[in-house]
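The sequence and its predicted three-dimensional model are supplied below.
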Amino acid sequence: MIAVPRLTLADYRMAAQVMCGPNDPELLAAIGRFVRETHTRPGFSLRHVARAVERGRAVDAVYPFH
């Protein structure tokens, strides 16, 4: 068994930057707000961040704002 420490807000933000990439600052800002507001909830994980990024990209594909 390996004990893994709980991720910090900085860890989640760094993961979000990697998942969003450098070409979508609007998505990164939205995901950053999502992470900041929800990272302390029980059960929150990187899986939630990944799903939020996927949903953000799907919305952007349907309703492009750029």
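Thanks, I have it. Numbering: from 1, shown residues only.

Other residues contacting the helix or strand that Ala50 is a member of?
In this assignment (DSSP states H and E), Ala50 forms part of helix 46-62. Identification of contacts with helix 46-62 by Cβ atoms under 8 Å, 6 or more residues apart in numbering yields 7, 12, 15-16, 19-20, 24, 26-27, 30-31, 34-35, 38. Every C-beta, even on glycine, is put in place using the N, C-alpha and C of the backbone.

mind listing what's buried in it?
Neighbour counts over helix 46-62 (16 or more other Cβ atoms under 10 Å) mark His48, Val49, Ala52, Val53, Gly56 as buried.

Could you find the lowest-pLDDT member of the residues you listed?
Ranked by pLDDT, the buried residues of helix 46-62 bottom out at Gly56, which has 90.

what about the helices in this protein?
Ranges of helices in the chain, per DSSP state H, are 9-20, 25-38, 46-62.

With respect to Met1, which of the ones you listed lies nearest?
Smallest distance to Met1 across the helices of the chain (Cβ to Cβ): 20.0 Å, for helix 46-62.

Kindly format the C-alpha coordinates of the closest one as CSV.
Extracted in CSV, the C-alpha atoms of helix 46-62 (Å, rounded to 0.1, in the frame of the first residue of the first chain):
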residue,chain,number,x,y,z
LEU,A,46,-8.0,15.0,-11.0
ARG,A,47,-10.7,13.1,-12.8
HIS,A,48,-13.1,16.0,-12.1
VAL,A,49,-10.6,18.4,-13.6
ALA,A,50,-10.2,16.3,-16.7
ARG,A,51,-14.0,16.0,-17.1
ALA,A,52,-14.4,19.8,-16.7
VAL,A,53,-11.7,20.4,-19.4
GLU,A,54,-13.4,17.9,-21.8
ARG,A,55,-16.8,19.6,-21.2
GLY,A,56,-15.2,23.0,-21.7
ARG,A,57,-13.7,22.0,-25.0
ALA,A,58,-17.0,20.5,-26.1
VAL,A,59,-18.9,23.7,-25.4
ASP,A,60,-16.2,25.7,-27.1
ALA,A,61,-16.5,23.5,-30.2
VAL,A,62,-20.2,24.2,-30.4
